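Asker: the following block contains a protein sequence and its predicted model.
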Amino acid sequence: EAGVTQFPSHSVIEKGQTVTLRCDPISGHDNLYWYRRVMGKEIKFLLHFVKESKQDESGMPNNRFLAERTGGTYSTLKVQPAELEDSGVYFCASSPGYTDTQYFGPGTRLTVL
Amino acid sequence: AQSVTQLGSHVSVSEGALVLLRCNYSSSVPPYLFWYVQYPNQGLQLLLKYTTGATLVKGINGFEAEFKKSETSFHLTKPSAHMSDAAEYFCALANDYKLSFGAGTTVTVRA
């Protein structure tokens, strides 16, 4: 069974540009989560989808971040326009039910110059 | 508020020595606790978890952790370190679906 995959693995962009991160969860997992780790600090929750619906986006930093989950399958996280403080590692995780173990992807390392 | 504190951002151990990583938590409800590991260039992998029941939890790769409510701790141990244990380890607490992580502890294993 394939695990959670994320694309790209690394992204380097200029301040003010737009970047879109993609996450493909484990097949059949209705719950999808985004987390972020900034500059060696704690990994922080960003948001939670159940199928295609956003259940909780309380961790999203501001309105420059937009997450979608098309048809309840893969998810994208768009940052527009990117700022320097957006640099970090963005993790995606999925689980069958919301109280089940979350399985994490390898992360996308975003560098904003 | 729920939070997790990992004591020590870096731990260096000799191969064959005990690995001890400390984690303390704060929670207003009975906690679900986890240890995840991140090997270089890989994603977070679940080592073990505590939900209810037995307080000594065994995980993969010879790791185990003990839930101590009186001490609000969930320390991770492995009796004998192996070179392959070099990685970053994260303690986490679940609040429903939302995981709160500690800052992480990087383990270096000396030959």
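Answerer: Good, I have the coordinates. Worth saying up front: this structure is predicted, and the values here are computed from it rather than measured. Residues are numbered from 1 along each chain as shown, chains lettered A, B, ... in the order given.

Asker: residues contacting residue 32?
Answerer: Reading this off chain A. By C-beta atoms under 8 Å, 6 or more residues apart in numbering or on different chains, the contact set of residue A:32 is A:23, A:25, A:48-49, A:69, A:75, A:92-94. Using the backbone N, CA and C atoms, a C-beta is placed for each residue, glycine as well.

Asker: correction: the question concerned chain B.
Answerer: B:49-51, B:93-94.

Asker: again, 10 Å this time
Answerer: A:99, A:101, B:49-52, B:92-96, B:99 (C-beta atoms under 10 Å, 6 or more residues apart in numbering or on different chains).

Asker: quick one: which of these sit in strands?
Answerer: Among the contacts of residue B:32, the residues falling in strands (DSSP state E) are B:49-50, B:92-95, B:99.

Asker: Throw those residues into JSON lines and include pLDDT and neighbour count, thanks.
Answerer: As requested, the ones in strands among the contacts of residue B:32 are exported to JSON lines (pLDDT from 0 to 100; neighbours: other C-beta atoms under 10 Å in any protein chain shown):
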{"residue": "B:49", "pLDDT": "94", "neighbour count": "17"}
{"residue": "B:50", "pLDDT": "94", "neighbour count": "18"}
{"residue": "B:92", "pLDDT": "96", "neighbour count": "24"}
{"residue": "B:93", "pLDDT": "95", "neighbour count": "21"}
{"residue": "B:94", "pLDDT": "92", "neighbour count": "20"}
{"residue": "B:95", "pLDDT": "83", "neighbour count": "15"}
{"residue": "B:99", "pLDDT": "94", "neighbour count": "24"}
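
Asker: near chain A, from these?
Answerer: B:49, B:92, B:94-95, B:99 (C-beta under 10 Å from any C-beta of the partner chain).
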